[in-house]
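*Asks:* Fold the following, please.
(chains A and B)
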Amino acid sequence: MSLKTGPFISRIRTRLPAVIDGIALLYADYPVSEAEGFADFHLALTQPPGARRWFRPQALFEFDGVSLFKPLPLTQALPMLEWGLNWCISNHAHHFLIIHAAAIERDGCAVILPGPPGSGKSTLTAFLTGNGWRLLSDELALLSLDDGRVTPLARPLGLKNQSIDLIGRLLPGARMSPPCADTTKGTVALLQAPQDSVFRSDETAHPAWIIFPRFMPGAEGQLQSRSKARTLIDVGHNAFNYSIHGKRGFELLSHLVDSCDCYDFRYSSMDQACRTFDALAPGGAAFKAASA
Amino acid sequence: MLGKPERVTSLPLDLWDLAIRQAREAGVLARLCFQLEDLGILAQLPEKPREHLEAARTLALKHARDVRWEVTCLRSVLAESGVPITLLKGAAYLLADLPPARGRLFADIDIMVPRTRLEEVERLLLHADWVPMVKDLYDQRYYRRWTHQIPPLQHVLRHSVLDVHHTIVPPTAHAPVSAAVLASESLPLDDDGQLHVLAPEDMVLHSAVHLFNEGEFNRGLRDLLDLHDLLSHFGRRPAFWDRLTGRAEALGLTGPLFLCCRYLDRVLGAPLPDRAGEATLQWQPSTLKRTTFDALFDRALLPDHESCNDRLTGAARWLLYVRAHYLRMPLHLLLPHLARKSLLRPADVREEEDRRRRQTRIEQLLRTMSPPKNETDRRQAMQRSDQIGIGSES
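*Replies:* Next up, the predicted model:
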């Protein structure tokens, strides 16, 4: 089966029921074809042969016929597909500058949200994209090498641990894969990307803000401006292929940071975060203040 | 496609799909990109395959920058000792601006130093953070005693891998090669005489002996293209072919040179010029041996991709691997070694090693995605950035 997610076509081969069901649930709205044509990535999720088929069964991720990762317990096959896809993109799609960041959009302007695991980036992204923002990406922000615009890669959002229940409560209509316990990242569940974001996968966006989110109990949800130099270094650290692009990568990132408003954002409640981000959007108070 | 790249403009997308995958597995995707660019047809290609070609080119350019930087670092580490460094294989092609360097991906850097200076070089490298990758004592001894290199070194911070050789074939090989003879013809790359590359003929012979006698074929097609590029480049020089065949005889490397010529013709359809081709015929082995070689090399020299394999490909690669061991050392040394390493199941072992190598890459990737392990690390990282003046809020 060929599945189109953002600019990438992946040909996926699997017989694992959990993966088939997961794809049916999470990728219901994506363009799919059975036709032979060009695919960017050729993936397979299989079970290793031998006794492990019955005793503590495992799943194996293959990239074009070669297994890349240690096998994981069979129950983690679906998250493994997502991690594997991320690996394919960050290791091969060097026609983009790829930042380890979420990205959301409103009125053509994008917010880039870099953040290490645990910063609450996915939870925040899930909530904001459930409340008026368009999802560009949950994990990999793709910047065009020509014009620096963000190409959408709306894929399922990876939620971890307490975030799973939290988002389940805050976005009651959202569809999620069954939680998968004991992964290296704890319990994970995948949240379906909003339908509108999937349908608008061809609409690129102009990056306007870089915001480093951090969940912090008691924080007041204020944006604090951060230095451009520091932001450049931090975004560079968060980019998968910054060094691969050499001078061009430096120029592209400098231009990005120069043209964006850069903030730290410590928040403790989703509603408060949502208000702050809404004020950012063109027409919002922060946007007017910034453009004045 | 590699032979007649101008034909690709009419290739349908499903064949592009296969071509990109095979070229990637064979390590020649970026090379193909440069070739198509030179022909002026890259821009006319369909968007999808072009993106993959250009992405591979971007990565290859990064590798080239990195290798140049590593060579600069090596020079400064060994500068005071005055030890001459001969670059081998990829690093030599790159620093000497030879055609096989274009679009090349590097797994490691190979250098050669005089055997008498080996200990000193290893000590200096260790002080400069190059540490042995092989921890096992038996393996360490095996490298030092029976091979033409010390155990591979890895830089602690940059993770680059360095192979330090003292000649180009193992001293236990059926035809050992004297490093002094190689050094006497090597060419300086710089004014201070620190960096060298092998003479053109020796470079070709080394490339051939590496491909045909070392039993590693996952980049077999790439290595054959290296030979093709080198021979096309040097072949224009007067008397090159006579010098090449003469040198092969002098160094006892006529076997690999014969195989090189045979498979350039069979696999790439690029035979040697008449006189040189005829010269190599005098070294051809018996018909039986030739037929066997063809059955093995015709398979092993294709890209290591599932679409290129038939039922016998695995066996062919395995037999060539065994042959390489046999060529490397006489049986009374080889058998105990094989018993010790249980290489009777090399397919499994190598698959596991391959996987481990890839995993290391993935683990490195995951590490870059994780925050510093603890508060102290984080604070230190911040202090470091503050010290260089990027920490202050403007």
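*Asks:* For the rest of this, base every contact and every neighbour count on C-alpha atoms.
*Replies:* Fine.
*Asks:* and stretch A:116-135, is it in reach of chain B?
*Replies:* Yes - against chain B, stretch A:116-135 shows contacts by CA under 8 Å from any CA of the partner chain at A:116-117.
*Asks:* can I get the CA coordinates of that stretch in CSV?
*Replies:* Output in CSV follows, covering the C-alpha atoms of stretch A:116-135 (Å, rounded to 0.1, in the frame of the first residue of the first chain):
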residue,chain,number,x,y,z
PRO,A,116,13.2,18.4,23.7
PRO,A,117,11.1,15.4,24.7
GLY,A,118,9.3,16.2,27.9
SER,A,119,8.8,19.9,27.1
GLY,A,120,5.2,19.3,26.4
LYS,A,121,5.5,20.3,22.7
SER,A,122,3.2,17.5,21.4
THR,A,123,0.5,18.0,24.0
LEU,A,124,0.5,21.8,23.3
THR,A,125,0.4,21.1,19.6
ALA,A,126,-2.5,18.6,20.0
PHE,A,127,-4.5,21.1,22.0
LEU,A,128,-3.8,24.1,19.7
THR,A,129,-4.6,22.1,16.5
GLY,A,130,-7.8,21.0,18.1
ASN,A,131,-8.6,24.7,18.7
GLY,A,132,-8.3,26.6,15.4
TRP,A,133,-4.6,26.1,14.5
ARG,A,134,-3.6,24.0,11.5
LEU,A,135,-1.2,21.2,12.1
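*Asks:* Next, the buried residues of it.
*Replies:* Across stretch A:116-135, burial judged by 16 or more other CA atoms under 10 Å in any protein chain shown covers A:116, A:119-130, A:133-135.
*Asks:* Now do that stretch, average pLDDT.
*Replies:* Mean per-residue pLDDT for stretch A:116-135: 91.
*Asks:* Contacts for it, please.
*Replies:* The contact list for stretch A:116-135 (CA atoms under 8 Å, 6 or more residues apart in numbering or on different chains) reads A:102-106, A:113-115, A:138-139, A:152, A:154, A:157-159, A:163, A:167, A:170-171, A:191, A:193-194, A:196-197, A:213-215, A:270, A:273-274, B:369-371.
*Asks:* Mind giving me the ChimeraX select for these, buried ones only?
*Replies:* A single ChimeraX command is used to select the members of those judged buried by 16+ other CA under 10 Å:
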select /A:102,103,104,105,106,113,114,115,138,139,152,154,157,158,159,163,167,191,193,194,197,213,214,215,270,273,274 /B:369
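*Asks:* Find the residue ranges of the stretch 51-200 of chain A scoring beneath the pLDDT cut-off.
*Replies:* Per-residue confidence for the stretch 51-200 of chain A (pLDDT under 70) gives these ranges: A:51-52.
*Asks:* if we go to 90?
*Replies:* When residues are selected by pLDDT under 90, those of the stretch 51-200 of chain A lie in A:51-58, A:65-71, A:73, A:75, A:115-120, A:161-162, A:173-174, A:179-186.
*Asks:* same question, the stretch 201-350 of chain B
*Replies:* The low-confidence ranges in the stretch 201-350 of chain B, as defined by pLDDT under 90, are B:210-221, B:236-239, B:252, B:255, B:258-350.
*Asks:* Now do the phi/psi pair for the residue of the stretch 201-350 of chain B found nearest chain A.
*Replies:* Closest contact between the stretch 201-350 of chain B and chain A, by CA to the nearest CA, is at residue B:306 (6.7 Å). Main-chain torsions, residue B:306, degrees, to the nearest 10: phi -60, psi -30.
*Asks:* Now for it: which residues touch it?
*Replies:* By CA under 8 Å, 6+ apart, residue B:306 lies in contact with residue A:65.
*Asks:* likewise residue A:259?
*Replies:* Contact analysis of residue A:259 by CA under 8 Å, 6+ apart lists A:207-208.
*Asks:* how near is it to residue A:151?
*Replies:* Separation of residue A:259 from residue A:151 (CA to CA, to the nearest Å): 17 Å.
*Asks:* Over to residue B:155?
*Replies:* 36 Å.
*Asks:* And the residue of the stretch 51-200 of chain B closest to chain A?
*Replies:* Residue nearest to chain A within the stretch 51-200 of chain B (CA to the nearest CA): residue B:55, separated by 4.5 Å.
*Asks:* For that residue, give me phi and psi.
*Replies:* When quoted as degrees, to the nearest 10, the phi and psi of residue B:55 stand at phi -60, psi -40.
*Asks:* Please report how far the closest residue in space to residue B:326 that isn't next to it in sequence lies from residue B:17.
*Replies:* In space, and not counting its chain neighbours, residue B:326 is closest to residue B:334: 7.0 Å by CA to CA, 6 or more residues apart in numbering or on different chains. According to CA to CA, residue B:334 and residue B:17 sit 43 Å apart.
*Asks:* Residue A:206 belongs to a strand, doesn't it?
*Replies:* Yes - per DSSP: H, G, I helix; E, B strand; the rest coil, residue A:206 lies within a strand segment.
*Asks:* That one touches residue A:147, doesn't it?
*Replies:* No - with contact defined as CA atoms under 8 Å, residue A:206 does not reach residue A:147; the gap is 9.2 Å.
*Asks:* These two - which one has more neighbours?
*Replies:* residue A:206 (21 against 11; other CA atoms under 10 Å in any protein chain shown).
*Asks:* Let's see the pLDDT reported for residue B:129.
*Replies:* Per the predicted model, pLDDT is 94 at residue B:129.
*Asks:* can you count the residues close to it?
*Replies:* Residues lying near residue B:129 (other CA under 10 Å) number 14.
*Asks:* Verify the stated contact: it with residue B:156.
*Replies:* Yes - using CA under 8 Å, residue B:129 makes contact with residue B:156 at a distance of 5.6 Å.
*Asks:* Kindly list the main-chain dihedrals of residue B:15?
*Replies:* Per-residue torsions, residue B:15: phi -80, psi -30 (degrees, to the nearest 10).
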